[in-house]
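Engineer: coordinates only, sequence not included:
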């Protein structure tokens, strides 16, 4: 389970700073809900081995108009969406009416909440934290978000408690979750085949495409909400190939749901991206590419999942408009050379069948396995065709390559001076491997490891052994020399005449 953490508190207590610390350089999605003056921001984070989704909200002032404002409403909505709430207070400002109001709401809500005492830097915790026990939220956990102090310890502490709760739930329900598995109840549901997530911003046609996928010519095996993540897994079969659709739009078996009423859940979407094998990103040809599309694409690329682009609502557009959309896609998605793009009409079914061809190919590429000798041979051929450039009078040596993982494929190249390879040569290697291995529809990740020669330890051992032998010989010679000098002195003394 990937937990969802909501950051709530008064304005200027450090929520956005903590959000930026937790999500690091990852992009944030904004829930663009009409009529709201302050939107919720969503991001993905990871501390150690703990992934999570974090929501940042506007502040709650505690005054009546503040509670009824859209900003306060967004904060309360974030609390409802979250598994865990981080309630931030400012230790420098002390307790305010706004803090008391938020604490009272959290106690009534019953969500797991942690009181986070921010801006602790330069202050004595024993002195400044005492008053916050008055809020009835348990022991305050001190951090300094601006200086990145205490944040890793905070996440580790919270995750440890979650793991304990999960174990207790496993003992009670009989469901068990092994660390590293993709989902809690996949084994229970016996989910098979290629897991597909249809993602996109509201009203681009996700629901219509899902219903088109689940048309009469398909066989829907079953449809039930079977995971703690509250996503709906819909296994079905097409032309003998098994698929599982991870539904993020709330669409069940062939239910008619209008696009206007489609419910957009960012939390479900992010979790579906993490859990799927292939993402189908749906765009609206009539509105063009907007910022929200790019944010969604960013999450897919960060996850490393295989990707297929579906440009929907292609029917009914005139030739000039179609060319304008194609030009915009070429310009803004010029870096997406690995992903297949399809122009479709989910409503009429035009081009939908061809999506499966790209999904199958992307899945096959994402899950492929290659032998080390094969990858090393490709590396050697690439070097023979185009050697690495000379750097400071020396040429980097690329020794061998092996696979480090799948979904996405990860290839690790070992050698000397590999960390100094220019970016264009790295792109050349990536393109060569992609072409030779026929990788399509998935990103491919390269790692370059410096001086990781499998024989290097043996060479070092030989060098160290030789050095130790030389030192031992030198010590023996020194002892012999000292012994000879001592013998000479004794010999001279024995020849010295008395009184001489």
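Structural biologist: Right, received. Where do you want to start? Just so it is clear, the structure is predicted and the values come from calculations on it, not from any experiment.

Engineer: how near is residue 80 to residue 109?
Structural biologist: For residue 80, the distance to residue 109 equals 8 Å [C-beta to C-beta, to the nearest Å]. All C-beta spots, glycine's among them, are computed from the backbone N, C-alpha and C.

Engineer: more crowded one of these two?
Structural biologist: It is residue 109, of residue 80 and residue 109, that has more neighbours when counted by other C-beta atoms under 10 Å, with 13 against 9.

Engineer: Distance of that one relative to residue 103?
Structural biologist: 11 Å.

Engineer: show me where the stretch 251-400 of the chain has helices.
Structural biologist: Using DSSP state H, counting those that start in this stretch, the helices of the stretch 251-400 of the chain run over 266-275, 291-303, 319-332, 352-366, 372-385.

Engineer: Could you save these as a markdown table and add columns showing mean neighbour count, mean pLDDT and distance to residue 406?
Structural biologist: Compiled in a markdown table, the helices of the stretch 251-400 of the chain are given as follows (neighbours: other C-beta atoms under 10 Å; pLDDT from 0 to 100; distance: least, C-beta to C-beta, whole Å):
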| stretch | mean neighbour count | mean pLDDT | distance to residue 406 |
| --- | --- | --- | --- |
| helix 266-275 | 22 | 81 | 15 |
| helix 291-303 | 18 | 89 | 14 |
| helix 319-332 | 13 | 93 | 29 |
| helix 352-366 | 20 | 95 | 6 |
| helix 372-385 | 15 | 95 | 13 |
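
Engineer: out of those, which comes closest to residue 200?
Structural biologist: Closest to residue 200 of the helices of the stretch 251-400 of the chain is helix 291-303 (C-beta to C-beta; 6.5 Å).

Engineer: now the stretch 201-350 of the chain, which segments are flagged as low pLDDT?
Structural biologist: For the stretch 201-350 of the chain, applying pLDDT under 70 flags the ranges 216-232, 247-265.

Engineer: now do 80
Structural biologist: 215-233, 247-268 (pLDDT under 80).

Engineer: Same question for the stretch 1-150 of the chain.
Structural biologist: Ranges of the stretch 1-150 of the chain meeting pLDDT under 80: 1-2, 24-42, 46-51, 57-78.

Engineer: who's in contact with residue 51?
Structural biologist: 2, 44, 45, 274 (C-beta atoms under 8 Å, 6 or more residues apart in numbering).

Engineer: Am I right that the second one is in a strand?
Structural biologist: In this case it means residue 44. Yes. With DSSP: H, G, I helix; E, B strand; the rest coil as the criterion, residue 44 is part of a strand.

Engineer: bridging residues for it?
Structural biologist: Bridge pairing for residue 44 (DSSP bridges) gives the partners residue 53.

Engineer: Would you mind measuring from it to residue 320?
Structural biologist: 39 Å.

Engineer: ok, residue 130 - contacts?
Structural biologist: If you count contacts by C-beta under 8 Å, 6+ apart, residue 130 has none.

Engineer: please redo it, this time with the cut-off set to 10 Å
Structural biologist: residue 140 (C-beta atoms under 10 Å, 6 or more residues apart in numbering).

Engineer: pLDDT score assigned to residue 164?
Structural biologist: pLDDT for residue 164: 68.

Engineer: Not counting residues beside it along the chain, what's closest to residue 398?
Structural biologist: residue 415 (4.1 Å; C-beta to C-beta, 6 or more residues apart in numbering).

Engineer: Other residues contacting the host helix or strand of that neighbour?
Structural biologist: Secondary structure assignment for residue 415, by DSSP states H and E: strand 410-416. Contact with strand 410-416 is made by 304, 370, 372, 375-376, 378-379, 383, 388, 394-405, 421, 426, 429-430, 433, 437, 443-454, 456, as judged by C-beta under 10 Å, 6+ apart.

Engineer: Which phi and psi values does residue 236 adopt?
Structural biologist: phi -150, psi 180 (degrees, to the nearest 10).

Engineer: what's the burial count for it?
Structural biologist: 20.

Engineer: Need the phi and psi values for the residue nearest to residue 52 when sequence neighbours are not counted.
Structural biologist: Leaving out its chain neighbours, the residue that sits closest to residue 52 by C-beta to C-beta, 6+ apart is residue 3, at 5.1 Å. With angles defined as degrees, to the nearest 10, residue 3 sits at phi -70, psi 150.

Engineer: Show the contacting residues for residue 3.
Structural biologist: Residues counted as contacts of residue 3 (C-beta under 10 Å, 6+ apart) are 50, 51, 52, 53, 54, 82, 83, 84, 112, 158, 159, 162.

Engineer: Okay, now stretch 282-291: how far is its last residue from its first?
Structural biologist: 14 Å (C-alpha to C-alpha, to the nearest Å).

Engineer: For it, what is the distance to the chain centroid?
Structural biologist: Relative to the centre of its chain, stretch 282-291 is centred 25 Å away, using C-alpha atoms, centre = their mean, to the nearest Å.

Engineer: Can you select the buried ones among the contacts of strand 410-416 for me in ChimeraX?
Structural biologist: Of the contacts of strand 410-416, the buried ones can be selected in ChimeraX as follows, counting by 16 or more other C-beta atoms under 10 Å:
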select :304,370,375,376,378,379,383,388,396,398,399,400,401,402,403,421,429,430,433,437,443,444,446,448,453
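
Engineer: just checking, which of the contacts of strand 410-416 belong to strands?
Structural biologist: 397-405, 445-450 (DSSP state E).

Engineer: which one among those gets closest to residue 300?
Structural biologist: Residue 300 lies nearest to residue 445 out of these, by C-beta to C-beta, at 14.2 Å.

Engineer: from what I can see that closest one touches residue 434, true?
Structural biologist: No. Using C-beta atoms under 10 Å, residue 445 is not in contact with residue 434; the gap is 11.5 Å.

Engineer: Common neighbours of the two, please.
Structural biologist: residue 409.

Engineer: Over to residue 78: give its phi and psi.
Structural biologist: Dihedral angles (degrees, to the nearest 10) for residue 78: phi -60, psi -40.

Engineer: Next, count neighbours for the nearest residue to it once chain neighbours are set aside.
Structural biologist: Leaving out its chain neighbours, the residue that sits closest to residue 78 by C-beta to C-beta, 6+ apart is residue 6, at 4.1 Å. When neighbours are defined as other C-beta under 10 Å, residue 6 has 26 of them.
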